[in-house]
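Undergrad: Can you look at this prediction? I've put the sequence above it.
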Amino acid sequence: MALAALSPQAAIAHAMLLQASPAVGSTASVPPTQLELHFSEGVEPSFTSVEVADSNGGRYDATGLHTASGDAATLLVPLRQLGAGTYTVIWHATSVDTHKTQGHFSFSVSP
């Protein structure tokens, strides 16, 4: 068992979404100006994409996606002005070790 933990297979990891702000499934009373995605390992912003869309398909993610200063595992996504409604976030991340992951979630704004 101990040898299995030390094998190269055990070293392979992927950037999994651990936390988001606004939180997954939450309702924000104040429209956020940016989305924060916290991953289990560093991500490469140049090879990562995040879309934030309303129920009509209108896009609210702005240009300038980047990692937080000194924290390659936290991705910051600037947002356009959000109104009341539900927003879907679709993300495709490439970790610093080039593994790709993807997922989606929603949050609402109810000022």
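TA: Arrived safely, thanks for sending. Residues are numbered from 1 along each chain as shown.

Undergrad: Quick check, central residue of this protein?
TA: Leu37 (3.6 Å; Cα atoms, centre = their mean).

Undergrad: Going by secondary structure, it is in what exactly?
TA: strand 34-39 (DSSP states H and E).

Undergrad: Summarise which helices and strands the following helix or strand past that strand is packed against.
TA: Along the chain past strand 34-39, the next helix or strand (assigned with DSSP H and E) turns out to be strand 49-54. For strand 49-54, the elements it packs on are strand 34-39, strand 71-78, strand 85-94, judged by 3 or more Cβ pairs under 8 Å, 6 or more residues apart in numbering; DSSP states H and E. Placement of C-beta: from N, CA and C, glycine included.

Undergrad: run the last query once more with 6 Å
TA: The contact analysis (3 or more Cβ pairs under 6 Å, 6 or more residues apart in numbering; DSSP states H and E) places strand 49-54 against strand 85-94.

Undergrad: could you give the angle of the strand it packs on to strand 49-54?
TA: Calculated by axes from the mean of the first three to the mean of the last three Cα atoms, to 10 degrees, strand 85-94 forms an angle of 170 degrees with strand 49-54.

Undergrad: Touching strand 85-94 from outside, list them.
TA: With contact meaning Cβ atoms under 6 Å, 6 or more residues apart in numbering, strand 85-94 is reached by 15, 43-44, 47-55, 100-108.

Undergrad: Isn't Leu37 up against Ala20?
TA: Yes - assessed by Cβ atoms under 6 Å, Leu37 is found in contact with Ala20 at 5.4 Å.

Undergrad: Asp61 and Leu82, how far apart?
TA: Per Cβ to Cβ, to the nearest Å, Asp61 is found 11 Å from Leu82.
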